[in-house]
Structure formats: structure tokens, C-alpha cells
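Peer 1: Sequence plus the predicted model coming up.
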Amino acid sequence: MNARRPEGDLMAMLRVDQEACVASGLCAAMHPALFRLTEEGRGEPVRGDLTDADDIESAEDVAACCPGAAVTVSDPD
Amino acid sequence: MTTSAPPSELFGFDYYQNPYPTLEWLRENSPMHQFHFPVGDIPLWIATRFDDVQKLLGDPRFSTNPSWASKEFVDGGMAVGRGTAIERIITMLDPPDHTRVRRLAMSTFTPRRVAEWEEPTHAVVEAELDRLEKQDRPDVMDYAGAIPAALMGNILGFPLDRFNEMIHAIERAFHTDPEDEGANQRAFEEIAEYGRGLIAHKRRNPADDLASALIEARDGEDRLDETELVAMIAVLIMAGLDTTRNLIGTSILSLLERPDQRRLLLERPELKDTAVEEFLRFNGGVAVGFFRFAKEDLEFAGVTLPAGAPVIPAVGSANRDPRRWPDADKLDITRTGPRHVGLGHGLHNCMGAALARLEAGVAIPAIMRRFPDMNLAVPAEELRYDEMWLVRSIKSFPVQLHGEGKR
């Protein structure tokens, strides 16, 4: 989906599975720059692709703390 | 003209027996209400509207950690578990400690992992129903307490054979008794000491269970310190036992008082999931969340708060807010409306939510199926709720399992 990136550029895909999300509000409370809540209170990523190492680490923290195991941080497709 | 004070004093005897008239008054007349807690005579605030409570729980300008609390709050003996390992429970940790500790335990409680406990939960519930049937004076609170004790014992990896003592210690820990302020901390120390004993036993007998995994995290990679390890075992016992016990107990009472809802749950077992959400909303085990302390001077919900100000998130009131639910004071197990805050919200939302839902979703319908004629053995007005600020807990809930005059 993205144009080719230079070699070595950090990149991860951030997703919130809307079926698995239990609307606990944890993600947006932990890292409001990376997650926001929908009208129904479900989490969604502010951006789907992360390029900053700290952001990726923060997103992985959220994934490990999410009560619905709804957050995934993965290598780009 | 409205009266200038709520119908009954907050956290007084009448409030504990039925807090809802007071909470309704607060929602309408003083949604961010300043008052004095009966213990320690500390000034604090209570938020009662849904929107305010949810915002409070998700607002990073507030912390649950008493290191942010005003000096008078701490000096007044109000800081939960002060001077014991309990002051390091995850519920009161800020990031990044909170993140590090939650990461270690969360994977055990995700919906997918908890689903593996469904069959054991059914087995525990059937065994406890058999045991209840043999009692001379069957009490629903015994049934309600035995189920989370068995499940948490299985998950942690040791039999919680002293769980009744722990339930009493938890009650004393969160009791509001202005005559004996030291009693709370002694009870917290008792819970921590029980945790230390279990850890010592588990170090000698490691197995494939959560306690062993947490000990390994402590002893191996040094990610939990010893106090955090004790605090984690203690909080799993506290949060795993008493909240679920009270959710199950109060929900069974709600059904006995509402024959139409009771019949509906029996006739349409597929309503179990919406019923559990409604039980959590209507009279879930937790009455209020832990204190939130303003980390700076700030404005919240139209009120100016000084740094250190303690605010109580009244989740039980938020869940009855008519601004969010039509007929909010009516129990309707078919309700599919918006999400409640019975399991919290934000950073400290309930880690054991999936397990609580599983236990309630099995235990409540099962007792109704087994004893379709069950009724209260005493008039409803004789039931008493314990004077515990954190949860709504029926002291004793005697029933006639087979209805009037039969045993």
C-alpha cells in the first residue's frame, strides 16, 4: 500500500481488531498519540503504520496489556 | 427548590443499605460533590455522572497512586495498604511500572485463554451446587464466594483453602470504621502475609501455573521485585475473589426480586451474555473505583481541583445514569445498549474481566436452573449490606432452595 521505503527504515503495522476489542479504553489512556476511541468506545489506531522505534515499542506495550488481545503490531505486508 | 444535602450521608449505614437514592440526588444536584469521608475526616470529591466518571478513569492528569495524594489524605490513614506490600498493587501503579507489571499477567486473562477455563468452571459450579444443597442453612454468599476461590486457586496454582479468612480480611481492609483506623492496614498486612506464604510454597513446588510464571519473572529476569510479586499475588486474590463473589450474590438477589427476569433467563438461556453485562451495569460487585488523585491543579467537570485532591469515581452511579440508559434503574437482561463502566475504563480497567464474565455467566443461570423454586429465607428488608466502600456486599443471604416450607 505504501511506496517502497529506503532500506533499514523501521516500519510496523498497527491494527485493532474491532471484533476482539472490549472497549476498555486502555489503549487511548496508555498512548493517546497512537490510539483513539470511536463513538462506541472501541480503540482504533491514529496511524496504521509506525516508523518510530519508540512508537513501535509503545504499541507493543499496549498490545501486551490489552484485555481483549485486540491490538497487533506486525511487520508490514 | 431542591434540598441541599443528599437523602443519606455518603458512606454511612443507610447509604450502604441502598446507595441509589443518594447517587441519583448527586447526579442531578451535585455531580462533582465535595464531602468528608467518615474515616479520617478527609475532604474529597465524588463523581457520579457517567460521562464524568468515564473521563476521570481515562484522564492521564489523574493517578491512582497515593504518592500524588494530598498530605492530609495520607496522614489521615486513607492511602490503601500504606506501609504494606499492598501499596504496590498494580491498581495503584503508574506507567511505566504499571505497564511492566500488567504485561506479565495480562496474557493469562485474555478472552481466548479464559475460554479454556469454561469446562472447569462448569465443574466447580456443579460441585458447589451439590454442596449448597447439603447445607442446613444454605447461604447464597457461600456459593458465590466458593466459585471464584476455586477458579483463582486453579489459575494461580494453589488451593485457596483459607479463602473465607481472606474474604473477611478484604472486608476489614475496605471497611469504614472511624473507631479503628489501624484495622484496615492490619487486614492488608494479613492479605500480604498470606501471599508471601503461598509464594514460599510455590517456590518449592513450581508448576505450569500463573504463580510459578510470576515467580519466574521475579527470580529469573528480575522484572518484578519481591514486593511487587507479593502485591501481585495479593491483588489477584483480592480482585479475583471479592468482586466476583459480590457480582454473583447481588445478581442472584436481583433475579429473586424480579420473577419476570428470572423466568426470562431460564426460558432463554442464550440471553446469558447480555444478562451478565446487565448485572455488571445494574448492581455489579464494584460500587466505586479506587481514588483518583489530581496530579496538578486542574479543572475537571466544571470544578477546580488542587493538586493532590482525591476524587472517587462512582461507577455504580455512572451505570445508573439516565443520560446514558433509558429506564436505567430497571434490570433488563435483554438490554444491548452502550457499554457500562462496571469493569472500569482506561489504564486500570479490570484485568480479570473475561474471567468474571465467565464465572457470572455460568454460576448465576446454573443456580436458577438447579433450584427453580428457590426463595429468600428471610424478608428482603432484613438483608444487610456490609459497610465497605469499594464493593456492594450482602453480609448473609439465606435461601430456601426448594421454596416455602420444603427442604
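Peer 2: Received it, and whenever you're ready, just let me know what you need.

Peer 1: who in the stretch 101-250 of chain B is up against chain A?
Peer 2: B:102-103, B:106-107, B:109-112 (Cβ under 8 Å from any Cβ of the partner chain). In short, each C-beta sits where N, CA and C put it, glycine included.

Peer 1: how far away is the residue nearest the centre of chain A from chain B?
Peer 2: Chain A has residue A:14 as the residue nearest its centroid, 3.6 Å off, counting by Cα atoms, centre = their mean. Look at residue A:14 and chain B: by Cβ to the nearest Cβ, to the nearest Å, they are 17 Å apart.

Peer 1: ditto for residue A:44
Peer 2: For residue A:44 relative to chain B (Cβ to the nearest Cβ), the value is 15 Å.

Peer 1: is it true that that residue lies in a strand?
Peer 2: Yes - counting by DSSP: H, G, I helix; E, B strand; the rest coil, residue A:44 is located in a strand.

Peer 1: Helices of chain A, residue ranges please.
Peer 2: Taking DSSP state H, the helices of chain A run over residues A:26-30, A:53-65.

Peer 1: Tell me which of those helices sits most buried.
Peer 2: Among the helices of chain A, ranked by average contacts under mean count of other Cβ atoms under 10 Å in any protein chain shown, first place goes to helix A:26-30 (a mean of 25).

Peer 1: List the contacts of the helix or strand hosting residue B:266.
Peer 2: Using DSSP states H and E, residue B:266 falls within helix B:259-267. The contact list for helix B:259-267, computed with Cβ atoms under 8 Å, 6 or more residues apart in numbering or on different chains, reads B:254-256, B:271-272, B:275, B:331-334, B:364-365, B:368-369, B:372.

Peer 1: Out of these, list just those in strands.
Peer 2: Judged by DSSP state E, these include no members of strands.

Peer 1: hang on, the earlier thing: next up, the contacts around the residue nearest to the centre of chain A.
Peer 2: Counted by Cβ under 8 Å, 6+ apart, residue A:14 has contacts A:34, A:45, A:47-50, A:59, A:71-73.

Peer 1: Thought residue B:223 was touching residue B:104, still the case?
Peer 2: Yes - between residue B:104 and residue B:223 there is a contact under Cβ atoms under 8 Å: 6.8 Å.

Peer 1: Who has more neighbours out of these two?
Peer 2: residue B:104 (21 against 15; other Cβ atoms under 10 Å in any protein chain shown).

Peer 1: before we move on, back to that, buried residues, the helix holding residue B:266. List them.
Peer 2: Neighbour-count burial for helix B:259-267, counted by 16 or more other Cβ atoms under 10 Å in any protein chain shown, picks out B:261-262, B:264-265.

Peer 1: For residue A:20, give its distance to residue B:165.
Peer 2: In this view, residue A:20 and residue B:165 are 38 Å apart by Cβ to Cβ, to the nearest Å.

Peer 1: nearest spatial neighbour of residue B:404, skipping sequence neighbours?
Peer 2: In this structure, residue B:404 finds its nearest non-sequential neighbour in residue B:375, 6.7 Å apart by Cβ to Cβ, 6 or more residues apart in numbering or on different chains.

Peer 1: Now render the buried residues of helix B:259-267 as JSON lines, adding pLDDT.
Peer 2: Output for the buried residues of helix B:259-267, formatted as JSON lines (pLDDT from 0 to 100):
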{"residue": "B:261", "pLDDT": "98"}
{"residue": "B:262", "pLDDT": "98"}
{"residue": "B:264", "pLDDT": "98"}
{"residue": "B:265", "pLDDT": "98"}
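
Peer 1: which among those residues gets closest to residue B:209?
Peer 2: Checking the buried residues of helix B:259-267 against residue B:209 with Cβ to Cβ, the nearest one is residue B:265 at 33.4 Å.

Peer 1: what does chain A have sitting close to chain B?
Peer 2: Neighbours of chain B within chain A, by Cβ under 8 Å from any Cβ: A:20, A:22-26, A:28-30, A:32, A:40-41, A:61, A:64-69.

Peer 1: quick one: stretch A:40-59 to chain centroid distance?
Peer 2: Put simply, stretch A:40-59 sits 3 Å off its chain's centre (Cα atoms, centre = their mean, to the nearest Å).

Peer 1: so how far is the first residue of that stretch from its last?
Peer 2: End-to-end distance for stretch A:40-59: 21 Å, by Cα to Cα, to the nearest Å.

Peer 1: tally of neighbours for the residue nearest to residue B:333 when sequence neighbours are not counted?
Peer 2: Spatial nearest neighbour of residue B:333, excluding adjacent residues (Cβ to Cβ, 6+ apart): residue B:275 at 3.8 Å. Neighbours of residue B:275 under the rule other Cβ under 10 Å: 26.

Peer 1: How much space separates residue B:275 from residue B:263?
Peer 2: Distance of residue B:275 to residue B:263, given as Cβ to Cβ: 13 Å.

Peer 1: returning to what we had before: turn the helices of chain A into JSON lines, columns for distance to residue B:143 and mean pLDDT.
Peer 2: Compiled in JSON lines, the helices of chain A are given as follows (distance: least, Cβ to Cβ, whole Å; pLDDT from 0 to 100):
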{"stretch": "helix A:26-30", "distance to residue B:143": "32", "mean pLDDT": "96"}
{"stretch": "helix A:53-65", "distance to residue B:143": "33", "mean pLDDT": "96"}
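
Peer 1: Just the pLDDT at the residue nearest to the centre of chain A, thanks.
Peer 2: Turning to residue A:14, the model gives it a pLDDT of 97.

Peer 1: Likewise for residue A:8?
Peer 2: For residue A:8, the model assigns a pLDDT of 55.

Peer 1: ditto for residue B:9
Peer 2: Per-residue pLDDT puts residue B:9 at 89.

Peer 1: Equivalent analysis for the one 3 residues further on, please.
Peer 2: Looking at residue B:12, its pLDDT is 88.

Peer 1: ok, it touching residue B:39?
Peer 2: No - the pair residue B:12 and residue B:39 fails to qualify as a contact (Cβ under 8 Å) at a distance of 11.6 Å.

Peer 1: where exactly do the strands run in the stretch 151-300 of chain B?
Peer 2: In the stretch 151-300 of chain B, the strands defined using DSSP state E, counting those that start in this stretch lie at B:292-294, B:298-300.

Peer 1: Tell me which of the ones you listed is the most buried.
Peer 2: Taking mean count of other Cβ under 10 Å, strand B:292-294 is the most buried of the strands of the stretch 151-300 of chain B, at a mean of 25.
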